[in-house]
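>>> how does the following fold in three dimensions:
(2 chains)
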Amino acid sequence: MNKTDNHDSGRRDFLKKLGLGAGAAGLVLSGCDGAAKQLTEAQTAASGEIPTDKMTYRTNPKTGEKVSILGYGCMRWPTVPTGKGEGDDEIDQEMVNRLVDTAIAHGVNYFDTSPAYCKGRSEHATGIALARHPRDSYFIATKLSNFAPQTWSRQASLEMYRNSFKELQTDHIDYMLLHAIGTGNGMDDFKARYLDNGILDFLMAEREAGRIRNLGFSYHGDIAVFDWALANHDKYKWDFVQIQLNYLDWKHAKELNPRNTDGEYLYGELEKRGIPAIIMEPLLGGRLSNVPDHIAVRLKERSPESSVASWAFRYAGTHPEVLTVLSGMTYMEHLEDNLRTYSPLKPLSEEEIEFLYATADLMVEYPTVACNDCKYCMPCPYGIDIPSILLHYNKCVNQGNVVETRQAPNYAEARRAFLVGYDRSVSKLRQASHCIGCNQCAPHCPQSIDIPKELRRIDKYVEQLKQGTLPLNNAQKA
Amino acid sequence: MLKRIRQAVAAISILMVTALFLDFTGTVHHWLGWMAKIQFLPALLALNVGVIIGLVVLTLIFGRLYCSVICPLGIMQDGFALLGKRAKKNRYGYSPAKKVLRLLMLLIMIAAIVAGIGSLVALLAPYSAYGRIVSSLLAPVWAWGNNLLASWAEAHESYAFYSVDVWLRSGVTLAVAVITLVVLAVLAWRNGRTYCNTICPVGTVLGALSRFSLLKPVIDTSKCNGCGLCARNCKAACIDSKNHRIDYTRCVACFDCLGKCRQGAISYRRPKKAAEAAGEVDSSKRSFLAVGMTLAATAALHAKEKTVDGGLATITDKKIPKRRTKIVPPGAASIRNLERHCTACQLCVSVCPNGVLRPSTDLSSMMQPESSYERGYCRPECTKCSEVCPAGAIRQITRAEKSSIQIGHAVWVKENCLPLTEGVRCGNCARHCPTGAITMVPSEPDNNSSPWIPVVNTEKCIGCGACENLCPSRPFSAIYVEGHENHRTI
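Purely as a prediction, here's the structure:
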């Protein structure tokens, strides 16, 4: 079967090289002008057959195993509504199976999940899809996601750990992570979650026993925790560390939010110690793909046939210490686009990297909220749909539908688009006006967004639109 | 010819009035709002002298043309009658006037208006009956159609249509609307304008006037062969063909008889001999005068700790708190004024974009509007109900006026307040109060670390319900609005 596939794609490659396609025969009839080549059946980089044997691999220095540069993030599995109630859905297992099959067929061998993802259903669904393939054909990464104080006890944490084996239908975890250290209350939470209850010692013993093959952590938030963990590298021997890295956060993370740290520092610290880096948020939850129009044009102009997202993935992969780049691919189109980008990876040139940094400088001018739709903040106990509100706001910012004054030339359309779109994206009872500011959400945000403050800002803007009380012009604003 | 013109004008007229009730965007009212204001009973209750004089003059010249081309309930009945006529030709016949019944109904109506029994007025008033039928039965269908378009627009990234809530505002009003529609449809199908000539008080009043109208259908006895075809096609059952007489109090000027007469014996013109029946003292005339005079005189949800990511917490629906005094919208001036003038036509209920107004279920003010804040609150930028009211029950106010009209005041319910029951920070009521009437204070004075609770300065509170609606406590809010009998400006 594989043979025929290869044979088939080989033939297409051959035709492509000749500049001919299925439509070539028609050419003769339609005349012989210079535009003839565009009339051939599209066989461009963006639509041709995806090679199954060109995936770029990186080597884990400890085990020597080859890890695909594209890692599958299992945080955003597709869902289908159950129709039982608002927001009630279930994972589309059939689609998950197809996505996993396609990924594996094209050389992806790293799957990253967590007991908390997808309302706690990700491990189960991932386990089902992976168990249909030989256990030695992929690596499983999961985490000890004991965020809630009720899971800080040794017993509750161990229960969570053991349950992961059951859900993932395996007897060993290839990559085990302490989950998002640095979030919540910094060092205090870190100690409560992993040190005081002896869980980190336990996990190291498990590594000795071979049930965990690599032990590492993922980091967001308070830099003190990251620094502490690396300072104790000799003791814990981290096999890898998962960090957030992309061309926007490389130099702008701290500037955009003083509580965050630039990617440049995080990666630099790992590189110094020779610890392999696993990259998360290479696309910022789609924010580096769904960009304002003129940014998209800028990137497309440079390379008309590659997607906007492919720039972000090539950027992440270009760093040599990177073991794998995670992408939470909900749709087959995402997966296919990423497979193209990484089969094989074409590293960025110095000049291209500078071009991306200049693009990042343009992006920070937009007052979007740094939400990556990871849903760690959810569920809000009072029913607010936080990510949907922030995403709607970002969408309007990117489309130029957030205006500052009533004299803005597009005020009427922008107002309508914002308000009508708001009711569509978020049902009335889940809008920002219902946020009471209890602040349960904010400590969970890996991007350290002050969620109640942002919701209040958006609610105020909505009221100004509804009541027509935005400043009339810039003079009044001042 | 006259019949065709009447039908065309009537069709346009009913479409325009119906559009008023279906439109939720507030644009149609700008153009067609006058259609509601020229309805007889609302104009009378609003003491809209110009309209009343206009309608009286119209009737004195043309007869009850009002009933044929302005009154939507009349036009709707003609629609059903048309279907009935298709089923069976020449189906009507002459019947003598039911004077006692007509008079009784008129007296009941006058008594109800004078006594301020709004629910009775609402039941009898023709325009209101039509309003209820459209707003309860047709408007939901219209809204669903719109929502279908909205979902289509959403799929195409267009903001041309937006979706609206469809909800049952009052079961009683819906039931009344259904019964009215069924009864009228059956009556109109079988016997034409029975309702208009026995029950409808407006019909009785205009009938008294139309006896004296300048133009009316007149039978030329020299041409008439007494075939009775006119009578069998008269939906008002008012042509006594044997005696060549027409009861002009019941003729609704539909002109159907003119074309039906094969002898060309009926024409619409000034009668040659002036009022031969003048000697008959008509009781309905007296009662009409009585109406004019009397009217002139009256003119929670519990916070769960999160362990996994994603998902939406279930939100319990809010329930209506028990209010000692009901809330009526700003512009109504007082509960009494609203009950006196409102004909319960449901126009305000139809246009309220915030889900605040709904028909009352109280016996005394049945179907008249009242406010409640479970679905939304009386937003500062909205004055829609005051713009559309044709009866002067909700008088037109500006946004600036609205911001200082006190229709009620907020009351705090300690037992439901989240900072005390769940120990969270809140203050959503204070944050959204448009007049700054709510302040958050520590529940234990001088102890800033005790839970903070809202206190209401009732002098500044206007009763808009933002606090009640946005309070996180469910199903009963920890702060709710008590209505005021008389509104005042603060």
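>>> what's the burial count for the closest residue to B:Asp220 other than its chain neighbours?
Leaving aside its sequence neighbours, B:Asp220 sits nearest to B:Ala265 (Cβ to Cβ, 6 or more residues apart in numbering or on different chains; 4.7 Å). Placement of C-beta: from N, CA and C, glycine included. B:Ala265 has 21 neighbouring residues, counting by other Cβ atoms under 10 Å in any protein chain shown.
>>> next: B:Lys242.
B:Lys242 has 10 nearby residues by other Cβ under 10 Å.
>>> ok, it touching B:Cys224?
No. Shown here, B:Lys242 and B:Cys224 do not form a contact pair, counting by Cβ atoms under 8 Å, at 10.3 Å.
>>> residue ranges in the stretch 201-350 of chain B under the pLDDT threshold?
Counting by pLDDT under 70, the stretch 201-350 of chain B shows low-confidence ranges at B:273-306.
>>> which residues of it fall in strands?
B:216-219, B:239-240, B:245-246, B:266-269 (DSSP state E, counting those that start in this stretch).
>>> chain A contacts on the stretch 351-490 of chain B?
Counting by Cβ under 8 Å from any Cβ of the partner chain, the stretch 351-490 of chain B comes close to chain A at B:376, B:379-381, B:418, B:424-428, B:431-432, B:470, B:472.
>>> please pick the buried ones from those residues.
Among those, the ones that count as buried by 16 or more other Cβ atoms under 10 Å in any protein chain shown are B:376, B:379-380, B:418, B:424, B:426-428, B:431-432, B:470, B:472.
>>> quickly list the domain ranges of the chain.
All of this is about chain A. A:2-39, A:57-363, A:386-477 (automatic domain parsing).
>>> not quite, go with chain B.
Split by automatic domain parsing, chain B gives B:2-279, B:335-489.
>>> dump the C-alpha coordinates for stretch A:405-415 into CSV.
The C-alpha trace of stretch A:405-415 is given here as CSV (Å, rounded to 0.1, in the frame of the first residue of the first chain):
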residue,chain,number,x,y,z
THR,A,405,-14.1,58.0,18.8
ARG,A,406,-17.6,58.6,17.4
GLN,A,407,-16.1,60.5,14.6
ALA,A,408,-14.1,57.5,13.3
PRO,A,409,-15.0,57.1,9.7
ASN,A,410,-16.3,53.6,10.2
TYR,A,411,-18.0,54.2,13.5
ALA,A,412,-21.5,53.0,12.4
GLU,A,413,-20.3,49.8,10.8
ALA,A,414,-17.7,49.1,13.5
ARG,A,415,-20.3,49.6,16.2
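>>> contacts for that stretch?
A:396, A:400-403, A:465, A:468, A:470-474, A:476-477, B:159 (Cβ atoms under 8 Å, 6 or more residues apart in numbering or on different chains).
>>> what separates it from the chain centre, distance-wise?
In terms of Cα atoms, centre = their mean, to the nearest Å, the centre of stretch A:405-415 is set 33 Å apart from its chain centre.
>>> and that stretch, which residues are buried?
Residues of stretch A:405-415 classed as buried: A:406, A:408, A:411, A:414-415 (neighbour count, 16+ other Cβ under 10 Å).
>>> ranges for the helices of the stretch 151-300 of chain B?
Counting by DSSP state H, counting those that start in this stretch, one finds helices in the stretch 151-300 of chain B at the ranges B:171-191, B:194-198, B:201-210, B:229-232, B:256-260, B:283-298.
>>> and the residue of the stretch 201-350 of chain A closest to chain B?
Residue nearest to chain B within the stretch 201-350 of chain A (Cβ to the nearest Cβ): A:Gly328, separated by 12.0 Å.
>>> can you give me the pLDDT of that residue?
On the pLDDT scale, A:Gly328 is placed at 94.
>>> burial of B:Pro353, as a residue count?
As a burial measure, B:Pro353 scores 16 neighbours (other Cβ under 10 Å).
>>> need the contact list for it.
B:24, B:26, B:382, B:384.
>>> for the third one, give me the backbone phi and psi.
Summarising the backbone geometry of B:Cys382 under the convention degrees, to the nearest 10, its torsions are phi -110, psi 130.
>>> what do you get for the first one?
With angles defined as degrees, to the nearest 10, B:Phe24 sits at phi -110, psi 0.
>>> which element is A:Asp101 on?
Assigned by DSSP states H and E, A:Asp101 falls within helix A:93-105.
>>> buried sites along that helix?
A:93, A:95-96, A:99-100, A:102-104.
>>> and stretch A:449-456, by the same measure?
Within stretch A:449-456, the residues that qualify as buried are A:449-452, A:454-456, counting by 16+ other Cβ under 10 Å.
>>> isn't B:Val202 up against B:Ser128?
No. B:Val202 is beyond contact range of B:Ser128, at 10.7 Å (criterion: Cβ under 8 Å).
>>> re the thing from before, how about the contacts of stretch A:405-415, which pair is most distant?
By the measure Cβ to Cβ, A:Gln476 and B:Tyr159 form the most distant pair in the contacts of stretch A:405-415, at 26.9 Å.
>>> who has more neighbours, the two?
More crowded of A:Gln476 and B:Tyr159, by other Cβ under 10 Å: B:Tyr159, with 19 against 11.
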